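Peer 1: dropping the sequence and predicted coords here.
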Amino acid sequence: MKAVGARLPRYDGLAHVTGRTTYVDDVRVPGMLWTKALRSPHHYAAIKRLDTSGAEQLPGVHAVVTHEDVPRNVYGHLEGLGVPGDEPLLAEDEVRYKGQPIAAVAAQTEELAREAVELIEVDYEEREPIFDIRKAFDPGAPRIHPWGPVYPHFGPHDHRRVRKGDVERAFEEADAIVQGVYRPTAIEHCPIEPQTALAVPEVHGRLTIYSCTQAMYFSMGVVAAHLEWPLNKLKFVGGTVGGGFGGKVDTAAETMCALLAIKSRRPVKWRWTREEEFLASSTRAPWHMEIADALTSDGWILGRRMLTLHDAGAYTRFSSYGLTKHAFHHAGAYTIPNLEFNGYVVFTNRVPTTAMRGFGVTSVSYAAEMNMNRIAEVLGID
């Protein structure tokens, strides 16, 4: 109880304000190599040919990895919770968003790694991308994901459902019906610290990985799954996160560094550029939300119908989890006796989306409260 009402100093406050906090990029290890990735220049394309020989032969390049070097290339961020995996670590036969990694290089310097990446040859066959979730949900829309236009693994359904009471009767008895469509767009987290990781091979066969992840044990599990290693062969060191807001729940750089460190037998660091952050890091998802509220003239909400489309981007990642939280909160702070909610995770050719500050909840709160403002105007109530 000594802490209640007391002005307690932050344990890391002094180091922050004096510039002594150690971030991942502050860690330097002798013999360290630098990483750069070959990223797709197209939003959607088939990969017809991939030739890394030019990069491999460049002096100063110690390792190049493609999907063939990943023991388990396709893995899902939520497989431990029963959500099937659908995203390759490194693209195989196709790319589904601009900036998707295809290969990675470890070289003596960042400049040399960048030069090596430019020597990798790829032949693409471009396809027509789709970016609008409402259009992606329409019948006959282009199929960009093997599962179809929507994520299909919500138990027996291809969407998240909420059913309560008798919605049909509520709308029949309503004095007024107020409807709205709300579409908050994507937001880039833009942390001051970009995605950064350092993988260091140890003499006993383990890997020490310095990571800026927001979820240490989660990221360790993702790396172990891709490598098909037991967890006890990995040691994660997580210094201070230089801003994340949800965007550093994704395990973006650690696995690639681990693969290159294993292949080169050298420490490997990957520090994303600001351009890479804007191009290829996960964003807060765009949403499309349609609400219809059945009301009495004195302000009771008798029922609500809602359709939500959540833009997952090219792969699922955490989208099914975000939509589930969204569904739980769609009635907001209000007692609504009759509910019908249908929520879909929709695939587009955007960068995969992820958590950001109240994942799934802030979007539906925005829509619900905006609709409440409309209700107040229609009914003439404060």
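Peer 2: All right, it came through fine.
Peer 1: hey, let's count contacts and neighbours off CA atoms from now on
Peer 2: OK.
Peer 1: each with direction, which strands does the top strand by length along the chain pair with?
Peer 2: Counting by DSSP state E, the longest strand found in the chain is strand 301-313. Sheet pairing here is set by DSSP bridges, and for strand 301-313 it gives strand 287-295 (antiparallel), strand 338-347 (parallel).
Peer 1: from the middle of its chain, how far away would it be?
Peer 2: How far strand 301-313 lies from its chain's middle: 21 Å, per C-alpha atoms, centre = their mean, to the nearest Å.
Peer 1: likewise stretch 95-115?
Peer 2: In this view, stretch 95-115 has its centroid 20 Å away from the chain centroid, taken as C-alpha atoms, centre = their mean.
Peer 1: got the buried residues for that stretch?
Peer 2: Residues of stretch 95-115 classed as buried: 95-110, 112-115 (neighbour count, 16 or more other C-alpha atoms under 10 Å).
Peer 1: can you check stretch 151-162 too?
Peer 2: Buried residues in stretch 151-162, counting neighbours by 16+ other C-alpha under 10 Å, are found at 151-152, 159-161.
Peer 1: and that stretch, how far apart are its ends?
Peer 2: 17 Å (C-alpha to C-alpha, to the nearest Å).
Peer 1: show me what contacts Pro84?
Peer 2: Residues counted as contacts of Pro84 (C-alpha atoms under 8 Å, 6 or more residues apart in numbering) are 75-76, 78.
Peer 1: point out where the chain drops to low pLDDT.
Peer 2: For the chain, no stretch is flagged by pLDDT under 70.
Peer 1: got the contact list for the helix or strand hosting Tyr124?
Peer 2: Tyr124 is located in strand 121-126, with elements delineated by DSSP states H and E. Contacts to strand 121-126, defined as C-alpha under 8 Å, 6+ apart, come from residues 42, 44-52.
Peer 1: neighbour-wise, which of the residues you listed leads?
Peer 2: Tyr44 (25 neighbours; other C-alpha atoms under 10 Å).
Peer 1: right, and it touches Gly99 too?
Peer 2: No. With contact defined as C-alpha atoms under 8 Å, Tyr44 does not reach Gly99; the gap is 10.3 Å.
Peer 1: show me how far stretch 141-154 is from its chain's centre.
Peer 2: Per C-alpha atoms, centre = their mean, the displacement of stretch 141-154 from the mean C-alpha position of its chain is 17 Å.
Peer 1: so how far is the first residue of it from its last?
Peer 2: By C-alpha to C-alpha, one end of stretch 141-154 lies 22 Å from the other end.
Peer 1: do the same with stretch 108-128
Peer 2: Taking C-alpha to C-alpha, the span from the opening residue of stretch 108-128 to its closing residue is 38 Å.
Peer 1: likewise stretch 224-239?
Peer 2: One end of stretch 224-239 to the other measures 20 Å (C-alpha to C-alpha).
Peer 1: now, which of the buried residues of stretch 151-162 lie within strands?
Peer 2: Assigned to strands by DSSP E, the following of those qualify: 160-161.
Peer 1: closest one to Asp311 out of the buried residues of stretch 151-162, please.
Peer 2: The closest of the buried residues of stretch 151-162 to Asp311 turns out to be Tyr151 (C-alpha to C-alpha; 10.5 Å).
Peer 1: surely the closest one and Val345 touch.
Peer 2: Yes. In this structure, Tyr151 is within contact of Val345 by C-alpha under 8 Å, at 5.4 Å.
Peer 1: overlap in contacts, the two.
Peer 2: Shared contacts of Tyr151 and Val345, defined by C-alpha under 8 Å, 6+ apart, are found at 159, 320.
Peer 1: break down the stretch 51-200 of the chain into its helices, ranges please.
Peer 2: Taking DSSP state H, counting those that start in this stretch as the test, the helices found in the stretch 51-200 of the chain are 53-56, 110-118, 133-137, 167-173.
Peer 1: now do the third one: which elements does it pack against?
Peer 2: On a contact count with 3 or more C-alpha pairs under 8 Å, 6 or more residues apart in numbering; DSSP states H and E, helix 133-137 meets strand 287-295, strand 301-313, strand 338-347.
Peer 1: tell me how far the nearest residue to Val150 once chain neighbours are set aside lies from Val268.
Peer 2: Distance criterion C-alpha to C-alpha, 6 or more residues apart in numbering; nearest residue to Val150, sequence neighbours excluded, is Val346 at 4.5 Å. Look at Val346 and Val268: by C-alpha to C-alpha, they are 36 Å apart.
Peer 1: could you do Ala224 as well?
Peer 2: 17 Å.
Peer 1: can you add secondary structure and give the contacts of strand 121-126 back as TSV?
Peer 2: What follows is the contacts of strand 121-126, written out as TSV (DSSP: H, G, I helix; E, B strand; the rest coil):
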residue	secondary structure
His42	coil
Tyr44	coil
Ala45	strand
Ala46	strand
Ile47	strand
Lys48	strand
Arg49	strand
Leu50	strand
Asp51	strand
Thr52	coil
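Peer 1: now the terminal residues of stretch 284-304, how far apart.
Peer 2: This stretch, stretch 284-304, spans 26 Å end to end (C-alpha to C-alpha).
Peer 1: show me what counts as buried in that stretch.
Peer 2: Under the neighbour-count criterion of 16+ other C-alpha under 10 Å, stretch 284-304 has 284-295, 301-304 buried.
Peer 1: returning to what we had before: direction included, what does the strand holding Tyr124 pair against?
Peer 2: For strand 121-126, sheet partners with direction are given as strand 45-51 (antiparallel), following DSSP bridges.
Peer 1: re earlier: which of Ala224 and Val268 has more neighbours?
Peer 2: Neighbour count, other C-alpha under 10 Å: between Ala224 and Val268, Val268 has more, with 30 against 19.
Peer 1: skipping adjacent residues, who's closest to the more buried one in space?
Peer 2: Leu33 (4.7 Å).
Peer 1: please report phi then psi for that neighbour.
Peer 2: Main-chain torsions, Leu33, degrees, to the nearest 10: phi -100, psi 160.
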